[in-house]
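Enquirer: any chance you can model this:
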Amino acid sequence: MADRAPTARALARQAVHASILAAARARLTEEGPSQLSLRAVARDVGMVSSAVYRYFPSRDDLLTALLIADYDELGATVEAAEQAAAPAPGARWVAVCRAIRTWSIAHPGDFALLFGSPVPGYVAPRATVEPASRTTLALVRVVADATADASDVGSDGRRGSPTAPPTAPGMVADAVSAGVASLREFGTELPEEVLLRTLMAWTTVFGTVSFELFGHYVGSVSDGAAYFDEVIARLADDLGFTALFD
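Expert: Predicted structure coming up:
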């Protein structure tokens, strides 16, 4: 049995839902996530607040919808960049990382919601986990393919998995075991050292973008794009492969 076409009423509801989300995203850029107000969003779309509550019963429901929409949009952008890149892991790594930065700079308010300070009183539900994982999965997928590709040799001549440097006993187990374990949930069988370096690379990529977006490079970095490329090239080398720039 063929699916029925959506009714005019359903289409109208979808349009209103989308307009509310668009207005809320604009508010994120103007005021920041912690200041988001359903009443203010209602004014922006020309609705009374009671009508908006029929779509989003609370501010937390609106925040959750925004998180899911933003994570999915970022994830789709990153996945498209990976698919369009040359098949070599080094080229895909550059494409994925650059896509993260490009999207983030174009959507500073959304980036602040996803990766900035937590919104007081709000706890993201499990429904946000899968959308949030899309970008991380792309990074892990590239690293896994690079690790499996013995022909891709880093500038220091490494093949396969990098080895751990001397470190304090139990550092990985005590400090980042949860992070390493979470990366294993993506279905890869990467060695612990590779997973640790992937975790470090993931946080460095987003930390570098965050510094640029929030103005922390003043007086130290004059070209954010060039500096970002240098960072991701060195991260790739640390992971045991070579970043390939077009």
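Enquirer: now the longest helix anywhere in the chain: average pLDDT?
Expert: Counting residues, the longest helix in the chain under DSSP state H turns out to be helix 59-84. Within the predicted structure, the mean pLDDT of helix 59-84 is 96.
Enquirer: other SSEs contacting it?
Expert: Applying 3 or more CB pairs under 8 Å, 6 or more residues apart in numbering; DSSP states H and E, one finds that helix 59-84 contacts helix 8-31, helix 38-44, helix 89-106, helix 108-115, helix 129-148. In this view, the C-beta of every residue, glycine as well, is placed from N, C-alpha and C.
Enquirer: next, the angle from the first one to helix 59-84.
Expert: Okay, so that is helix 8-31. Orientation note: helix 8-31 sits at an angle of 90 degrees relative to helix 59-84 (axes from the mean of the first three to the mean of the last three CA atoms, to 10 degrees).
Enquirer: angle of helix 8-31 against helix 108-115?
Expert: Orientation note: helix 8-31 sits at an angle of 90 degrees relative to helix 108-115 (the same axes, to 10 degrees).
Enquirer: ok, residues contacting helix 8-31?
Expert: For helix 8-31, the external contacting residues (CB atoms under 8 Å, 6 or more residues apart in numbering) are 6, 35-37, 40-41, 44-45, 47, 52, 55-56, 62, 65-66, 69-70, 107-110, 112-113.
Enquirer: what do you get for the third one?
Expert: Helix 89-106 is contacted by residues 73-74, 77-78, 80-82, 84-86, 111, 135, 138-139, 142-143, 145-146, 149, 152, 205-206, 208-209, 212-213, 225, 228-229, 232, 236, 241-246 when judged by CB under 8 Å, 6+ apart.
Enquirer: and if you look at the second one?
Expert: With contact meaning CB under 8 Å, 6+ apart, helix 38-44 is reached by 20, 23-24, 26-27, 48-49, 51-53, 56, 58-59, 62.
Enquirer: do that again at 7 Å, thanks
Expert: Outside helix 38-44, the residues within contact range by CB atoms under 7 Å, 6 or more residues apart in numbering are 20, 23-24, 27, 48-49, 52-53, 56, 59, 62.
Enquirer: what do you get for the fourth one?
Expert: Judged by CB under 7 Å, 6+ apart, the contacts made with helix 108-115 from elsewhere in the structure are 25, 28-29, 32-33, 66-67, 70-71, 104, 206, 210, 213.
Enquirer: ok, of those residues, which one's closest to residue 127?
Expert: Closest approach to residue 127 among these (CB to CB): residue 67, at 8.7 Å.
Enquirer: so who does the spatially closest residue to that closest one that is not a sequence neighbour touch?
Expert: Nearest-residue entry for residue 67: residue 128, 4.8 Å, with adjacent residues in sequence omitted and distances by CB to CB, 6 or more residues apart in numbering. Neighbouring residues of residue 128 by CB under 7 Å, 6+ apart: 64, 67-68, 71.
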